[in-house]
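In: Sharing a sequence plus its predicted fold:
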Amino acid sequence: MIKLSVNLNKIALIRNSRPGNHPDLIAHARTCLAAGADGITVHPRPDLRHIRPDDVQQLGALIREHPGIEFNVEGNPFEAARQHYPGFLALVGQTRPHQCTLVPDSTDQLTSNHGFNVGAAGTQLQPVVARLREQGVRVSLFMDPDVEQIQLAAQLGVDRIELYTGPFAEHWRISPSCGETMFARYREAAECALGLGLGVNAGHDLNLNNLEHFIALPGLQEVSIGHALIVDALAMGLTQTVHAYKARLSSQVLL
């Protein structure tokens with residue numbers, strides 16, 4: 001079954017808008033796990049707008065209490081230390097998550113909106129991938145559905161790719177037929193990755209409306225969902241929302 005990793009960034013963003021610890025990030029993580037989430041994802045950024053380094057530490061400790069649950073830390077591997085941010089690779093080295101998803105975000109970027117250009121960044125990425133794997137961390141690379149780029153990614157020694165699903169979600173929002181046309185690119189990309197021995201994850205703008213169609217993707221192992229899930233939780237409650245997403249992932253609606 002496809003695993004659901006809940007991204008908690010938006011909960012941290014709300015917390016950071018006021019002094020104190022409300023909403024309590026760790027308490028909400030516990031709620032997600034109790035509701036059946038298979039993992040927790042965070043994407044700490046240097047400006048500390050949402051997830052902070054101490055959140056990563058505390059969540060790592062929490063997940064170690066739950067065998068079988070995975071911790072996924074996302075971010076730009078080239079973000080250096082500044083003020084209260086230790087640098088991305090240092091933070092990952094301190095917490096040793098099950099998976100590290102490398103994302104080519106700029107420092108001031110609002111959210112992830114493209115995958116790596118491995119042709120341009122491969123030389124820099126290769127030692128990063130090697131370092132993380134030596135630490136026992138599974139490495140996933142955030143990628144567009146581009147077969148040539150995925151072929152280059154496989155040469156870096158990564159374990160998985162995470163397909164950036166923003167374009168699919170936007171096309172599906174316009175119409176299901178547009179979504180089906182875009183999905184063909186993702187199918188080709190996934191089949192390429194599988195043929196190269198890579199695992200396939202996906203994430204960004206997946207929601208209860210489009211997710212049941214996207215799970216037809218060949219070999220899909222994990223989806224990371226934050227924004228839409230937290231928005232749905234405002235109306236449905238967090239426990240029921242996690243249940244709803246898990247139910248979508250267990251259905252097999254083919255395109």
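Out: Received the coordinates, thanks.
In: neighbouring contacts of the longest helix seen in the chain?
Out: Identified as the longest helix of the chain according to DSSP state H is helix 176-195. With C-beta atoms under 8 Å, 6 or more residues apart in numbering as the contact definition, helix 176-195 has outside contacts at 143-147, 150-151, 154, 161, 163, 165, 167-168, 171-173, 199-200, 202, 210, 213-214, 216-220, 255. (Each C-beta comes from the backbone N, C-alpha and C, glycine too.)
In: if you look at these, which of them are in strands?
Out: Met143, Ile161, Leu163, Gly199, Val200, Ala202, Leu220 (DSSP state E).
In: Looking at the residues you listed, which is nearest Gln135?
Out: Gly199 (18.3 Å; C-beta to C-beta).
In: Run through the bridge partners of the closest one.
Out: With DSSP bridges applied, Gly199 shows beta-bridge pairing to Arg160.
In: so it touches Gln221, yeah?
Out: Yes. The pair Gly199 / Gln221 is scored as a contact, 5.2 Å apart, by C-beta atoms under 8 Å.
In: more crowded one of those two?
Out: Gly199 (18 against 15; other C-beta atoms under 10 Å).
In: pLDDT value on the more buried one, please?
Out: pLDDT, Gly199: 98.
In: show me the residues around it that make contact.
Out: Contacts of Gly199 (C-beta under 8 Å, 6+ apart): Ser140, Asp159, Arg160, Ile161, Ala193, Gly219, Gln221.
In: top of those residues by neighbour count?
Out: Neighbour counts for the contacts of Gly199, by other C-beta under 10 Å, peak at Ile161, which reaches 30 neighbours.
In: and the gap between that residue and Lys3?
Out: Using C-beta to C-beta, to the nearest Å, one obtains 15 Å as the distance from Ile161 to Lys3.
In: Can you tell me who Leu102 pairs with across the strands?
Out: Gly75, Leu141.
In: That one contacts Phe116, correct?
Out: Yes. Contact criterion C-beta under 8 Å: Leu102 and Phe116 qualify, at 7.2 Å.
In: Residues in contact with both of those two, list them for me.
Out: Leu125, Leu141, Phe142.
In: closest to Leu33 among those?
Out: Phe142 (24.3 Å).
In: now the contacts of helix 176-195: which count as buried?
Out: 143-146, 150, 154, 161, 163, 165, 167-168, 171-172, 199-200, 202, 210, 213-214, 217, 220 (16 or more other C-beta atoms under 10 Å).
In: Find me the pLDDT at Glu70, would you?
Out: Here, the pLDDT recorded for Glu70 equals 97.
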